[in-house]
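Asks: with the sequence up front, the predicted model follows.
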Amino acid sequence: MVNIIGSALQGMNVQTNKLANAAHNIANSGDKGVNIEDLIDITEAEMAYKANVQLIPRAREMHNDLLRIFDKEV
């Protein structure tokens with residue numbers, strides 16, 4: 001069985017690192033200005049993080065549904 005929560009947490013970790021890297025780049029951009037790619041990375045990281053967070057309650061629902069099915073069959 002696929003570890004949905006583990007996958008979601010891994011995805012959130014990836015996005016946290018992406019956000020930290022973009023924030024670092026923006027903070028250290030100095031006189032050269034902010035790179036648009038860093039701003040895009042921040043937006044992408046936010047959307048992907050939110051999507052991964054949504055997986056956690058869905059995994060719980062699936063688990064509970066599976067237990068209910070099992071209880072009916074036993």
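Replies: Structure's in. What do you need?

Asks: roughly how far does residue 49 sit from residue 55?
Replies: Taking C-beta to C-beta, to the nearest Å as the measure, residue 49 falls 11 Å from residue 55. No exception for glycine: its C-beta is placed from N, CA and C like everyone else's.

Asks: overlap in contacts of those two?
Replies: residue 11 (C-beta atoms under 8 Å, 6 or more residues apart in numbering).

Asks: low-confidence ranges in this structure?
Replies: Regions of the chain meeting the criterion pLDDT under 70 cover residues 1-2.

Asks: which residues in it form helices?
Replies: Remark: helices assigned in the chain by DSSP state H are 4-27, 36-73.

Asks: buried ones in the longest one?
Replies: Think helix 36-73. Neighbour-count burial for helix 36-73 flags 38, 41, 42, 45, 48, 49, 52, 55, 59 (criterion: 16 or more other C-beta atoms under 10 Å).

Asks: just stretch 13-32 next, same as before
Replies: 15, 18, 19, 22, 25.

Asks: for stretch 22-37, C-alpha coordinates in CSV please.
Replies: Output of stretch 22-37 as CSV, limited to C-alpha atoms (Å, rounded to 0.1, in the frame of the first residue of the first chain):
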residue,chain,number,x,y,z
ALA,A,22,14.2,31.2,-3.4
ALA,A,23,14.0,33.3,-0.2
HIS,A,24,17.7,33.1,0.2
ASN,A,25,18.2,34.2,-3.4
ILE,A,26,15.9,37.2,-3.0
ALA,A,27,17.5,38.2,0.3
ASN,A,28,20.9,38.2,-1.3
SER,A,29,20.0,39.7,-4.7
GLY,A,30,21.4,43.1,-3.8
ASP,A,31,21.6,45.7,-6.5
LYS,A,32,20.9,43.2,-9.3
GLY,A,33,17.2,43.0,-8.4
VAL,A,34,14.8,40.1,-7.7
ASN,A,35,14.9,37.3,-10.2
ILE,A,36,11.4,36.5,-11.5
GLU,A,37,12.2,32.8,-11.3
